[in-house]
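Sequence plus predicted model, see below.
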Amino acid sequence: MDFILHVPVIGLLLQFIGYLVGVMTTNGSLIITLSTPIALGALCGFMNERSGVVNIGIEGMMLFAAFVGWYVAALVNGGAPTSPGPLGITFPLLVGLLAAIVAGVAVSALHAWLSITVRANQIISGTIINIEALAITGYLNLLISQNPIPSAGNFQSFHVPQGVASVPVLGWLLTTFLGHGPITLTMLVLVIVLQILLFRSRWGLRTRAAGEHPRAAETLGIDVIRLRYRNVLLGGVLAGLAGAWFTLEYIGTFQGGMTNGRGFIALAALIFGRWTPIGAFGAALVFGIADALGQAVSFNPPSGDLGAVLSGVPEQVFSALPYLVTIIVLAGVVGRSIPPAADGQPYEREAKAT
Amino acid sequence: MVVSEAASSPAASKPAALEMRGVTKRFPGVVANDHIDLDVRRGEIHALLGENGAGKTTLMNILYGLVTPDEGEILLGGKPVTIASPADAISQGISMVHQHFMLVPVLTVAENILLGEEPMANPVLMDRKAAHTRIRELGRFFGTEIDPDLRVASLSVGWQQRVEILKALYRNADILVLDEPTAVLTPQETKEIFAVLRRLTAEGTSIIFISHKLYEVLEIADRITVIRRGKVVGSRIPSETDEDDLAELMVGREVELTVDRGESHPADVTLAVAGLTVSDDRGHEVVHGLDFEVRAGEVFGIAGVAGNGQDELVEALAGLRRPAGGTVELSGRTITGASPRRLHNLRVGFVPADRHRYGLVLVFPLTDNSVLTSYYRAPYSRGLVRDADAIGRHAEQVIKDFDVRTPSPLVHASTLSGGNQQKLIVGREFFGDLRLLVLDQPTRGLDVGSIEFIHRQVIAKRDAGTAVLLISAELDEVLELSDRTAVMYRGRLVAVVDGRSATREEVGLLMATGGREGPPPIIAEGAA
Amino acid sequence: MNLRRARDAAIIPGLAIVLALVFGSLIVIFSSPLIFGLDLTLPLVAYKALVEGSFGSFGAVISTIVNAAPLILAGLAVGVAFKAGLFNIGAQGQFLTGGLAAAAVGAWLAHAPGPVAIPLALVAAILVGSVYGAIPGFLKAYTGAHEVVTTIMLNYIALYIVAYVVTGPLRAVGATFARTPDVGNASLPILVGGNGHLGVLFAFVAIPLAWWLLYRSTIGFEIRTVGAGPDAARYAGMRPRLLIVVTMAFCGGLAGLAGAGEILGLTGFMPAGYSTNVGFDGITVALLGQAHPIGIMFAGILLGAMRAGAPLMQIEAGVPAQMVDVLQGAILFFLTAEILVRYLFRIRAKSAKVAELQTVASSYGGQATPTQ
């Protein structure tokens, strides 16, 4: 091979890595923000799958919750300006948040019923949720947009005081991890709490048992059906929060199909994170970086050779990046990441004839 | 043999711990339990004897709240109780060790034992220290301490069985049900478990011991209740009965406990395995350089406790797993790593252990299943086009020749009983003139009639000049059919003995220890 | 005997459709204040227009068939994959890339004679669709990445590929919006009515072809065995990995052909914001048709009728055409919630029923294929 040909390529690669590190440090806060719906979606999947229920309907749950949260907040708001409290919290936004959670739980209840009680194929159940959520929100949004109502705005990020923010390292850490709206902050807390509960609490032990060997759990007096229902419904709370993030925290309006595959990427994050909350969060950050890269390149392009090369790359490549990364991650990690043994298998309480 | 009244038993004076009266359970198309009466006294070991499918497990699942009976009542200490769920059973002091271990492999020993009755440090988090102390204490019951933090998946089968019993001890069971507890144990491990059971009964625990092995029941039980086709057909006490009597009671006719295998006439070497090394899914070497030969016209048996590398060995020989090293020759032709298709074309038949996963496609009709390994050949297909008539004729012949009981060749394989499913597979794989037959656990979980039938077919194939390799964890089966018997232990063949003169004790000891001194290990081979 | 089996197979889907219509009318009633004010009769007006627009005249019937054709092809693309135990949610991406290929080759050969241009454009669409389908098949077979997630990702990527190609290298010069040039001579000839183009025939040829392949050929037997028992297939000497890739390529080709029919037969070019969801609708068609080619034909005609009638429903009742999407989702729901349908209509389950779709893989995380 021609040795000289490779030198500029290696140089470019080094420049790119340097640029990527720069994006990660200067845009740390943006990355965490963009990874929020993925992390929350992955936590929803975590609640489901650890107890043995596959949920590919996270996308639809998020979309439906995003719509309901936004519409309810707008209805309560009624166009009257309200004075926001800390983090931009207003009464309509809180009601909207609650409505989004209820919507997430309601759709989860449907999934729970189909996959636990009806014992339908869980992947088909999730697909139905995705299809129907896209259809109903699209249909209603179209009708609403014929007589648009003003939205209720959105939550605001926490501002680290200037004095603290300028302290080296500590200031960066605080702005990166705390400079967020209430939903993102909740996500960060949930990741840690759920990680501890999974391995050290009674709930965690029983959940793991139900997802690995439900019959064994049942023979020790654990009500697997009830446990799965509870976990799937709690997962709905998380999907609701993820949905609310879109319309009540990130942007204050609804658009048809605005979740744009984040619910599916969340599933990949869950697998990449080996079905643990911390792992899923870490994986979500990878997707957050892929997401942030496109924004960084268009707003703050690199200089020199790298800049010249990147400016020649069509913008669609950056838009498609998170989806590409998902495929690569799945192809690379699956097989070494082992799902709960009973994941996706409906549980029948009564033993069959011998 | 006289039916002995319970009054003559030494345990008769003890009060009844459990009575089941008129328990009936119907499943679609079958009465699993038909008005069964059973009483178990305090401190006795009561054996429940019956064939596979006789209804023993259903009865115990009813007692344990896993199955709701259609009729009948259950009395504990003389008082009627309702047991609607395992939680009810546990709170009533009933524990059960299931035939298929109810252990969560990825959880630790401690987590498996605590599950459902976790000691709590506070309302949310568990108290791990207290749990560990308690488990170490209970572990002394077996004379050996067990590390509560070991993952169950890494334990040997014998120790998994002990963890199951620890679960019952942890819950202070008054009544302990053991469903076929010795199916996976060596004779030596079985003896140890029996000793533990006797200590438990001495402390007042009542034990229901389910088995279909006659000699075991005679050895351990105080009383024996025999069930056939869902009905109680008799009670015995061991001192007043013998294996022939129990067998007749269990099967309903006189049975020959062993097939007359006649003389074998081994000819040329058909299968020659040299230095065969195989790794498992995780890349650990689990079969270490095996050497053996199987001659035409002989049955070569490989005995061993499950999990000593037999699965990987069979998969390597059947073309389902690529060997890591060594050679395999069939009549002088190298077939190391040959595909299943090539093996089949070389006239190798293979009966897999897991008939639901490998042997059959359950949602396909018997016709398609009867040509599962030959569908691509004439007359079943020409080029791309399948010939439904030829396939149908073949299916009918297999069904007729191998006594598969079915209403039609067009029903799904899932609707057949286990015995008939297995006869269909055997019929398919035994079809035609074969060079080599590889049989992996060919009669696991079958009724006596099907076992007899299949054993006779194996001998017939042997006599027709086929080389037969039989791999089985069922020691009795290997002893009964093999002309030569090898024992597989930790991925090696530790001994080859004469199949006719070998005794159960001799081979059992080899299975348990590999012929070495010292106690069997706790950790399973290949575990991290 | 066969008639009875057909009736048994059709009864639950039929009732699911009825329940979905009831559900849809509730949505219409509750959302009617957003249209003209609360109107309890609106569903009747809407459904009447829907039927009229799909079967009310000769033109309407032609429109139904034209709408049904791509749905049938996409339904087969999903349904045949079901038989191999694969959930091909990626029919949409295969449809889009196939359509794009047809548009590109069609534009390139716009002035070549039709008998040359048309077959080449069709072959290009089938090939590109096949490749786009084979990618997730390959990933599933050789890395274990579950096709449900990878095909969905590829659907999004297909959108960006179309956006890039249509706004960039293939943008038609002088067009008022971003689109590819006209396909000219590569357009499919109109055989009947206003838009009854040749492509419609492809769908009705594909149905018996798929049936023969699945139920009469050895490769179909292998495909079904891999779906119903992947380990048994390996034991039987089949090659599950290869079969997975081949099946996905075949399905991708069908979806690509559907794309070609739409571009060469209807629009004549590919616009940047091409938003036809034929591939997604294929999922509904396949499930409603119980993954059987004959069932898929009926399901495709039904959904095609709904698509054909939707514009008239929008005009006469003011109900947006998106209502059809809502109905589709509801049909799927009631189909899956079979237990609810049986309860509502007091239908007893057949004793030994084996669900046609049981073979769809249940978990997507683990190594889905055997290690060898």
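It's in.

Let me see the ranges of the helices in the stretch 51-200 of chain C.
C:58-83, C:91-108, C:114-143, C:147-167, C:199-216 (DSSP state H, counting those that start in this stretch).

Show me what the next helix or strand after the last one is packed up against.
Moving toward the C-terminus from helix C:199-216, the next helix or strand (DSSP states H and E) is helix C:218-228. With contacts defined as 3 or more C-beta pairs under 8 Å, 6 or more residues apart in numbering or on different chains; DSSP states H and E, helix C:218-228 has these neighbours: strand B:385-386, helix C:58-83, helix C:199-216, helix C:230-235, helix C:240-262. Any C-beta I mention is one placed from the backbone N, CA and C, and that applies to glycine too.

mind listing what's buried in the second one?
It refers to helix C:58-83. C:60-83 (16 or more other C-beta atoms under 10 Å in any protein chain shown).

Kindly report the same for stretch A:16-36.
A:19, A:23-24, A:27-36.

what does stretch B:171-182 give?
For stretch B:171-182, by 16+ other C-beta under 10 Å, it's B:171, B:173-182.

looking at this, B:R444 is in a strand?
No - looking at B:R444 with DSSP: H, G, I helix; E, B strand; the rest coil, it is coil, so not inside a strand.

Next up, the contacts around it.
The neighbourhood of B:R444, defined by C-beta atoms under 8 Å, 6 or more residues apart in numbering or on different chains, consists of B:353, B:474.

Can you tell me how far it is from chain C?
17 Å (C-beta to the nearest C-beta, to the nearest Å).

got it, and B:N33?
Counting by C-beta to the nearest C-beta, the gap from B:N33 to chain C is 21 Å.

Ok, A:I327 next?
According to C-beta to the nearest C-beta, A:I327 and chain C sit 5 Å apart.

mind checking the SS state of whatever residue of the stretch 51-200 of chain B ends up closest to chain C?
The nearest approach of the stretch 51-200 of chain B to chain C comes at B:V106, 13.0 Å away (C-beta to the nearest C-beta). Three-state call for B:V106 (three-state DSSP): coil.

so after the strand or helix carrying B:D245, what's the next helix or strand?
Secondary-structure element containing B:D245, defined by DSSP H and E: helix B:243-251. Going down the chain from helix B:243-251, the next helix or strand is strand B:269-279, by DSSP H and E.

coming back round to it: okay, the helices of the stretch 51-200 of chain C in CSV with mean pLDDT and distance to B:I210 next?
CSV is the format used below for the helices of the stretch 51-200 of chain C (pLDDT from 0 to 100; distance: least, C-beta to C-beta, whole Å):
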stretch, mean pLDDT, distance to B:I210
helix C:58-83, 95, 42
helix C:91-108, 96, 52
helix C:114-143, 96, 43
helix C:147-167, 93, 43
helix C:199-216, 95, 45
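
and the end-to-end length of stretch B:129-147?
When the termini of stretch B:129-147 are compared using C-alpha to C-alpha, to the nearest Å, they are 13 Å apart.

Ignore what I typed, I meant stretch A:298-317.
12 Å.

tell me how far it is from the chain's mean position?
28 Å (C-alpha atoms, centre = their mean, to the nearest Å).

Equivalent analysis for stretch C:55-74, please.
Remark: stretch C:55-74 is offset 14 Å from the chain centroid, using C-alpha atoms, centre = their mean.

Then stretch B:92-108?
Using C-alpha atoms, centre = their mean, the offset of stretch B:92-108 from its chain centre is 17 Å.

buried ones in it?
Buried, per 16+ other C-beta under 10 Å, within stretch B:92-108: B:92-99, B:101-108.

before we move on, the earlier item: turn the helices and strands packed on helix C:218-228 into JSON lines, columns for distance to chain A.
What follows is these, written out as JSON lines (distance: least, C-beta to the nearest C-beta, whole Å):
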{"stretch": "strand B:385-386", "distance to chain A": "28"}
{"stretch": "helix C:58-83", "distance to chain A": "10"}
{"stretch": "helix C:199-216", "distance to chain A": "20"}
{"stretch": "helix C:230-235", "distance to chain A": "15"}
{"stretch": "helix C:240-262", "distance to chain A": "13"}
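
Give me the contacts around stretch C:313-328.
By C-beta under 8 Å, 6+ apart, stretch C:313-328 touches A:131-132, A:134-136, A:138-139, A:142-143, C:20-21, C:24, C:27-28, C:35-36, C:42, C:45-50, C:53, C:277, C:281, C:284, C:303, C:306-307, C:310-311.

Quick check: end-to-end length of that stretch?
End-to-end for stretch C:313-328, by C-alpha to C-alpha: 16 Å.

for stretch A:256-267, same thing?
21 Å.
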